[in-house]
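Student: sharing a sequence plus its predicted fold:
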Protein chains: 4
Amino acid sequence: MSLSALDSVLTGPLFTTPEMSAAFGDDSLVAAMLEVETALARAQARFGIVPPGLATALALIAPSDLDLVEIGRRTEAAGVPSIPFLKMLQTRLPPDYEPHIHKGATTQDLIDTARVLQMRTGFDLIATEIGVVLDGLIALASRYRATPCVGRTYGQHAAPTTFGAKAAVWLSGLAGVAAGLKPLRERVLAASLGGPVGNLAAFGAKGPDIADAFAQELALRPAIMPWHTSRARMAEAGTWLAMLIGALAKIASDVASLSTTEIGEVAEPHAPGRGGSSAMPHKRNPVSSTVILAAHQVAPGLAQSLVSAMAAAHERPAGAWHGEWHALPPLFGLAAGALKEAKSIALGLQVDPDRMTRNIALTNGLLFADKAAARLAPRRGREAAHEAVEKAAALVRDSGRHLADVLRDDPALAGIAIDDAFDLSAAVEAGAAWTERALKDARTIRLQFP
Amino acid sequence: MSLSALDSVLTGPLFTTPEMSAAFGDDSLVAAMLEVETALARAQARFGIVPPGLATALALIAPSDLDLVEIGRRTEAAGVPSIPFLKMLQTRLPPDYEPHIHKGATTQDLIDTARVLQMRTGFDLIATEIGVVLDGLIALASRYRATPCVGRTYGQHAAPTTFGAKAAVWLSGLAGVAAGLKPLRERVLAASLGGPVGNLAAFGAKGPDIADAFAQELALRPAIMPWHTSRARMAEAGTWLAMLIGALAKIASDVASLSTTEIGEVAEPHAPGRGGSSAMPHKRNPVSSTVILAAHQVAPGLAQSLVSAMAAAHERPAGAWHGEWHALPPLFGLAAGALKEAKSIALGLQVDPDRMTRNIALTNGLLFADKAAARLAPRRGREAAHEAVEKAAALVRDSGRHLADVLRDDPALAGIAIDDAFDLSAAVEAGAAWTERALKDARTIRLQFP
Amino acid sequence: MSLSALDSVLTGPLFTTPEMSAAFGDDSLVAAMLEVETALARAQARFGIVPPGLATALALIAPSDLDLVEIGRRTEAAGVPSIPFLKMLQTRLPPDYEPHIHKGATTQDLIDTARVLQMRTGFDLIATEIGVVLDGLIALASRYRATPCVGRTYGQHAAPTTFGAKAAVWLSGLAGVAAGLKPLRERVLAASLGGPVGNLAAFGAKGPDIADAFAQELALRPAIMPWHTSRARMAEAGTWLAMLIGALAKIASDVASLSTTEIGEVAEPHAPGRGGSSAMPHKRNPVSSTVILAAHQVAPGLAQSLVSAMAAAHERPAGAWHGEWHALPPLFGLAAGALKEAKSIALGLQVDPDRMTRNIALTNGLLFADKAAARLAPRRGREAAHEAVEKAAALVRDSGRHLADVLRDDPALAGIAIDDAFDLSAAVEAGAAWTERALKDARTIRLQFP
Amino acid sequence: MSLSALDSVLTGPLFTTPEMSAAFGDDSLVAAMLEVETALARAQARFGIVPPGLATALALIAPSDLDLVEIGRRTEAAGVPSIPFLKMLQTRLPPDYEPHIHKGATTQDLIDTARVLQMRTGFDLIATEIGVVLDGLIALASRYRATPCVGRTYGQHAAPTTFGAKAAVWLSGLAGVAAGLKPLRERVLAASLGGPVGNLAAFGAKGPDIADAFAQELALRPAIMPWHTSRARMAEAGTWLAMLIGALAKIASDVASLSTTEIGEVAEPHAPGRGGSSAMPHKRNPVSSTVILAAHQVAPGLAQSLVSAMAAAHERPAGAWHGEWHALPPLFGLAAGALKEAKSIALGLQVDPDRMTRNIALTNGLLFADKAAARLAPRRGREAAHEAVEKAAALVRDSGRHLADVLRDDPALAGIAIDDAFDLSAAVEAGAAWTERALKDARTIRLQFP
């Protein structure tokens, strides 16, 4: 069964990772639900609410003891998988313990907390990958900090920069989003224990203490208030994942563009068989960029559905909560796939400094037009200088002559030295300086990751 | 593996149907790809381009002959499943035929056409379900056409209507969207055959004829122009599915609301075990509405990613196309699940006319305030009448007296007959009349479905 | 006041048109509301429900007679502009007529029908522009039908095609969406007359007839059923507008990419001062493409909010309906701006066939690799041929030799004629043939537009 | 001109505030652009790059000295308002200073920094309002901490809670999002100074220092790296605004639902003329909730377009950047309107404890079913107890008897004391305890706001 390309045997290996699939798989969900009930039993035993043996009995039950297909079959009627899960669990428990499981809790506590446990694993996987991608980008930016290349705006040659500065933009873009993971984890990895209507009424004024103990057993954060219908956590997690993919999509967008045949300044690392074509034997398609951009195509829409779900009515909504199940795990799956491919780019991107130099020369000095205008401005006025160079640029395009020659021939500009306008050194120094700064910052952020 | 709740063994049975899962499953995709290559061989044999035996040889290969896991493994490198699929297929063919498969075609032709074949099955499944839901809603609207009930705006009692008129709104809303399926199918169920860059250059000026023959073999519509980067088809299909779910969400929204404890005018059909709670033995949650509203939570975001993908660069984009794979099949899965539950509502909704009558009486005549004001307007002026009734309404709320009594006691209104303002008959006649009209129209649309 | 870039004095002229701004401006809304009340009076006079003079009296009131700022001020309290509008209107009417306006109707009838009148104007404006853009694209595709150029997939050179075929993809993409306008208009340009709870109860069983007469007065389609909470119309209109922008974004995406400095095959028409830079005197930025792509950035999200709004509770929802006001008019504004710029591209795109020819030659024959492989396949087998050319392609990239030479030197391929694989004629013939077909179809669709 | 309902004279007063409209108005943008150029001049004068008098000369120019309509007219050609703005500015400067403005900078620096200044004002306005809303919710939760009411899940009566606990969920939901404003401001209120291609090449290695001085002049944060194409800042700001609206939508959703006629537990504060109907004199529609929910309908889609815009190609993209202009200011406008109405709710919500008590009694003890089952479980087993109460609940629904009586009559349950299951005290204590905890946390967060 694979309505999702992430779950498909055919396309799953391309779009996500087996580790992330496992983290959100059915076995993992059942294992997490077992872990939740066990932790609840442990916490409640500390308060003398349930017999101490309950947790031990629960810990002896393995996910494989439960018939997932049968749970699924009954979920169709129950509306949530927790109910058949609990019923099946009860049959696996000694009769003495049976009355005590899930005490004071509700379906949403069980499912939300289990989901949070899955998310913790998901964030761990993501953190590890982010670390590697940051390493790769740090090396890339550092190595090419002073390698001159074309800067482009609106797709047009604009002015020179360095390839390291480009990579530093990728790096600082990713590092900026990545730095948000730690505070995000602190906010969202919270246990849910609110009981039927979110006040954990079974335990009266002791509720908050029991909820805190429960969270502690799972090494999760206690929630100030049960969050059955405070869904910012899920919305924030989803939008962060979409922004992470967005930061990678910036890289992918540049790589796909810089590796087009005419530009050819970079190429995705070549692996045998990668990026081929069913028809065209010569093709080397940027597969990594494609996977990342495909994830970015769909992630923002999924994330916004989580923001939309925040309008959760009363003490549990009919639909908004369940809609989260459709959106959040796919976002983890997409992020894992995007990171996998970003890693490939960051660690193996083929960079062609010679081609960069040739591309700089392509436009006969037009790349230095703003510097030339800046040279003329003090003598001619800014607006007049701009216009003079604009006119000269048209002549360069029509004649194929170099901008420096055209400007030198303009009698109105006689006596103004413009030669150093065509020098790359300022751009290289600037690119390198910013790169250094971005590297320093990124190295600090890097320390937050495994 | 189940990053999608639709593919999960635990929650898939709740959120979608096995038929739709199968229609978009991996086996189905491989079978469809085989069908595509076979049809291509048949069409090209008609032009003497490939040996007639090729199609026969292809038709002998069963999806189960191919190792899907291995195809998936290689897809990770290739970037598309079509390449390893074709390579594996070639090893299953007699050497004489091997050079002739996939002639002039490209990956996107294979995958897009296979996807269209899946979509055809998906639309067939949806059409059948729509027919049943329409039947149920027709019966519902017809049966209760003259059953008086409260009309509500902004959640407030507004004025009387009939329950049949409510159901007629559901019916006409669904019928209006459903009527779009036929023209949609005609537009989107088109074969793709464009070759590497969408001009089918291998066959020169004969390309269009070959493409038409290929479409014919699959009983698909020929495309005026290869649509590798004209993606309106997919966007339109996705938004239609989202609008279908939206039309069902209108029903679900009303059912969930009308079945709240305080209103209690309807209830989802009760099946043993349905809508229970892990904590609360008395609960009967509106599971069907929940499933539909959960689908509606996520469908619009998925659909918009397909619209966004229309900016497909050049002759095949890096990412936008692949992003469709993440969005379109889940929309079919969500639609199937929403229809399954809408069917349950349409066929089995429990309606409580007595409760409707009691609810009408709840507000001591305020439900007739607009009619009362209309009675007063000819004598007092519209604005003054409105204000007089507004004042009386406040008195009703404070005193608990009936609006008719309060108005009768107002000396300024002496001599104006207002009693018939509190009569339900006009609302019932009106509700019934509109219902009849909606029924007539819906019955015509119903004929388009199996 | 300009929270929207469309309404801004500074950026509005860039992003939309004054005509579309006017169509959805406040004056237009008030004028449309006046028109609605007048039509209602006319229709009801035909049934003897209101005095015949009412319509005449209403027709004498000009929008400028009403104080819009005051209406706005009171809207803050009322929650809808219709209520203060009606109150102000009543003070402008002779006392005899005052009791008769807005009879049996409700706020939503007034606002929805007024909005539909605005949409009709909006669609008219759009239709006129679509016609011009289609003309431009038809001329473009026709003129360059046989002009060879590079076809690109994943940003890489793939195989040759013609520029006319590219333009034909733009054309057929736009024509396909444009063809949907007529049926869309038929569905969505419907009057709304349902009264407080959508059954027009004031008129009992005569409601449908009165509603039809009202629609007729406005030359709108009568609704089968009042559509206060059947919002597919608005969702469909919004998604169509987003798809229209999407079809233009395909063009803009290609133009922006093909006009990058390194590719340089096309340029947006040059107008003095257009696409300049505050810093770089030589820049000619693709402003038209930028405007279109900016619209495409935001349109899908706006459209999906309209689909989401379909879950409209009861007889009028609190919020979902009002949310449409935030989404639909901006979509018209964005579409108008995108069409304005698409017109500029379609009518004035600068095409450089020489550059296209030079780009074809850039890769030393690799562009013909699939054709070369096709030549080898019958003798070597498809898979082996693919591999041989793949190997040769690597040699071409490393050595700078031409693919034809490399293949000729391969002893394993001795005796296989491959020269004609490097001939453009098949691609040109194919491109021209498809272009002809697209032109024929588009010319038919063109007839639907002014 | 008002394609946006926020900018409309008719509906703007309902949907946003004049302060926020002014903050993002055209005058504000021009004033902010002037401020940016002045700060740049000041910073560069510190480095001896421009004459000290330039800043003084710029500071003498008032926004009203500039012809906004003319700038707008020329923006249509230029593609950005900054270019005509600068040209007009130059004509207002003494000739000696003219060559020195905007030195080394680019359009995007000017517009992005001006936008950030607007955002700072916007955040200030929002912060002030958040403070007031938090105050109101703190008072509400505190006052009703021990007021019993019905807890509802899936729209159904579930179990008792307190109204204070409900308000505490609103409070903690809003406080949780609000707490994100401070770190958000620190991240996003950064100056942009990168020059044509984001390396500030005009100043070589001194670039970072000059950029820092520029940021300092504006009291903005310096950016580690120019962020022309690192757009996480805008995406994060937009999604935070959407989540803020989402947290308010949770409140609005509950208020609209709890104030429905049948439930009637709360009412929006009544102001004369508020929430009336054009047809129904008795209506008091929840206008505040409606405005908030309408904002929530459209905000997530706008926000996701900002996430989508993160894939910004090269050193400035054609479209993605400009698309932000369509999305971000409306989000501020929507947030301001939602906060305005949330303030009205938080400060003036009418709460009806008597009605809450009556609603608790509506279901003859079913609200206590989970507690009753918990009482039976130790003796009967959890599953059996659940089933016994489920059966009894059915009997309650059919017979109208009280659950306590039905259970007492069940011979199988003889000897089990269940009376205290129907006691509200545990729920009240629990509700109060959680409320206290939420209050304590919220009071700390409250200190972050004016």
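Tutor: Structure received. Because the structure is predicted, anything quoted here is derived from the model rather than measured. Residues are numbered from 1 along each chain as shown, chains lettered A, B, ... in the order given.
Student: do the lengthiest helix in chain A and chain B meet at all?
Tutor: Residue-count comparison of every helix in chain A, with assignments taken from DSSP state H, identifies helix A:107-143 as the longest. Yes. On the criterion C-beta under 8 Å from any C-beta of the partner chain, helix A:107-143 is in touch with chain B at A:T107, A:L110. Placement of C-beta: from N, CA and C, glycine included.
Student: may I see the buried residues of whichever helix or strand comes after that helix?
Tutor: Proceeding N to C from helix A:107-143, the next assigned helix or strand is strand A:148-153, under DSSP states H and E. Burial within strand A:148-153, assessed by neighbour count using 16 or more other C-beta atoms under 10 Å in any protein chain shown, is assigned to A:P148, A:C149, A:V150, A:G151, A:R152, A:T153.
Student: start to end distance for stretch A:252-266?
Tutor: Start-to-end span of stretch A:252-266 (C-alpha to C-alpha, to the nearest Å) is 12 Å.
Student: does any bit of it sit next to chain C?
Tutor: Yes. Among the residues of stretch A:252-266, A:A256, A:S257, A:S259, A:T260, A:T261, A:E262, A:I263 lie within reach of chain C under C-beta under 8 Å from any C-beta.
Student: for the fourth one, give me its contacts.
Tutor: By C-beta atoms under 8 Å, 6 or more residues apart in numbering or on different chains, the contact set of A:T260 is C:R152, C:G155, C:Q156, C:E262, C:I263.
Student: now the phi/psi pair for the third one, please.
Tutor: Summarising the backbone geometry of C:Q156 under the convention degrees, to the nearest 10, its torsions are phi -100, psi 150.
Student: beta-bridge partners for it, please?
Tutor: For C:Q156, the residues forming beta bridges with it (DSSP bridges) are C:T153.
Student: what about it, neighbour count?
Tutor: Other residues near C:Q156 come to 28 when the count uses other C-beta atoms under 10 Å in any protein chain shown.
Student: check contacts around it.
Tutor: Under the criterion of C-beta under 8 Å, 6+ apart, the contact partners of C:Q156 comprise A:S259, A:T260, A:T261, A:K283, A:R284, A:N285, A:P286.
Student: ok so, going back, from the residues of stretch A:252-266 next to chain C, which land in strands?
Tutor: Judged by DSSP state E, the subset of the residues of stretch A:252-266 next to chain C located in strands is empty.
Student: can you say which of those are buried?
Tutor: Restricting these to buried positions leaves A:A256, A:S257, A:S259, A:T260, A:T261, A:E262, A:I263, with burial counted as 16+ other C-beta under 10 Å.
Student: quick revisit: could you dump the buried residues of strand A:148-153 to CSV with pLDDT?
Tutor: Below are the buried residues of strand A:148-153 laid out as CSV (pLDDT from 0 to 100):
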residue, pLDDT
A:P148, 98
A:C149, 98
A:V150, 98
A:G151, 98
A:R152, 97
A:T153, 97
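Student: below-threshold pLDDT in chain A: ranges please.
Tutor: By pLDDT under 70, the weakly predicted segments of chain A are A:1.
Student: all strands for the stretch 151-300 of chain A, in order.
Tutor: Under the criterion DSSP state E, counting those that start in this stretch, the stretch 151-300 of chain A carries strands at the ranges A:156-162, A:266-267.
Student: just those strands: most buried one?
Tutor: strand A:156-162 (a mean of 28; mean count of other C-beta atoms under 10 Å in any protein chain shown).
Student: what's the angle from that one to strand A:148-153?
Tutor: Angular relation of strand A:156-162 and strand A:148-153 on a 0 to 180 degree scale: 140 degrees, by axes from the mean of the first three to the mean of the last three C-alpha atoms, to 10 degrees.
Student: extract the C-alpha trace of strand A:156-162 and format it as CSV.
Tutor: Below are the C-alpha coordinates for strand A:156-162, written out as CSV (Å, rounded to 0.1, in the frame of the first residue of the first chain):
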residue,chain,number,x,y,z
GLN,A,156,21.4,38.1,-15.3
HIS,A,157,25.0,38.6,-14.7
ALA,A,158,25.2,41.4,-12.1
ALA,A,159,28.6,41.8,-10.5
PRO,A,160,31.5,39.5,-9.4
THR,A,161,31.5,37.7,-6.1
THR,A,162,33.3,34.5,-4.9
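Student: quick check, the residue in the stretch 51-200 of chain A closest to chain B?
Tutor: Chain B sits closest to A:G79 of the stretch 51-200 of chain A, with a gap of 3.7 Å, by C-beta to the nearest C-beta.
Student: dump the residue contacts of the closest residue to that residue other than its chain neighbours.
Tutor: Counting by C-beta to C-beta, 6 or more residues apart in numbering or on different chains, the nearest residue to A:G79 once its immediate chain neighbours are dropped is B:V287, at 3.7 Å. Each residue near B:V287 by C-beta under 8 Å, 6+ apart is listed here: A:A77, A:A78, A:G79, B:E268, B:R274, B:G275, B:E341.
Student: can you list those in CSV and add neighbour count and distance to C:L66?
Tutor: Putting the contacts of B:V287 into CSV (neighbours: other C-beta atoms under 10 Å in any protein chain shown; distance: C-beta to C-beta, whole Å) gives the following:
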residue, neighbour count, distance to C:L66
A:A77, 17, 58
A:A78, 24, 58
A:G79, 25, 53
B:E268, 24, 48
B:R274, 18, 55
B:G275, 23, 52
B:E341, 27, 48
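Student: gap between A:A374 and chain B?
Tutor: The gap separating A:A374 from chain B is 35 Å, by C-beta to the nearest C-beta, to the nearest Å.
Student: surely that residue touches A:A421?
Tutor: Yes. In this structure A:A374 lies within contact range of A:A421 using C-beta atoms under 8 Å: 7.3 Å.
Student: any idea how far the residue nearest the centre of chain A lies from D:G198?
Tutor: Averaging the C-alpha coordinates of chain A gives a centre point, and the residue nearest to it by C-alpha atoms, centre = their mean is A:L244 (2.4 Å). When distance is defined by C-beta to C-beta, to the nearest Å, A:L244 is 22 Å away from D:G198.
Student: and A:A59, by the same measure?
Tutor: Noted for A:A59: a distance of 56 Å to D:G198, by C-beta to C-beta.
Student: which of those two has more neighbours?
Tutor: When A:A59 is set against D:G198 and neighbours are counted by other C-beta under 10 Å, the residue ahead is D:G198, at 33 against 14.
Student: which non-adjacent residue is nearest the more buried one?
Tutor: Of all residues beyond its chain neighbours, the one nearest D:G198 is D:P226 (4.2 Å), with distances taken as C-beta to C-beta, 6+ apart.
Student: that neighbour against D:D212, yeah?
Tutor: No. Taking C-beta under 8 Å as the definition, D:P226 is not a contact partner of D:D212, at 12.0 Å.
Student: which of those two has more neighbours?
Tutor: Just comparing D:P226 and D:D212: by other C-beta under 10 Å the higher neighbour count belongs to D:P226, 31 against 17.
Student: how much space between the more buried one and chain C?
Tutor: Using C-beta to the nearest C-beta, one gets 13 Å for the distance from D:P226 to chain C.
Student: okay then, goodbye and thanks.
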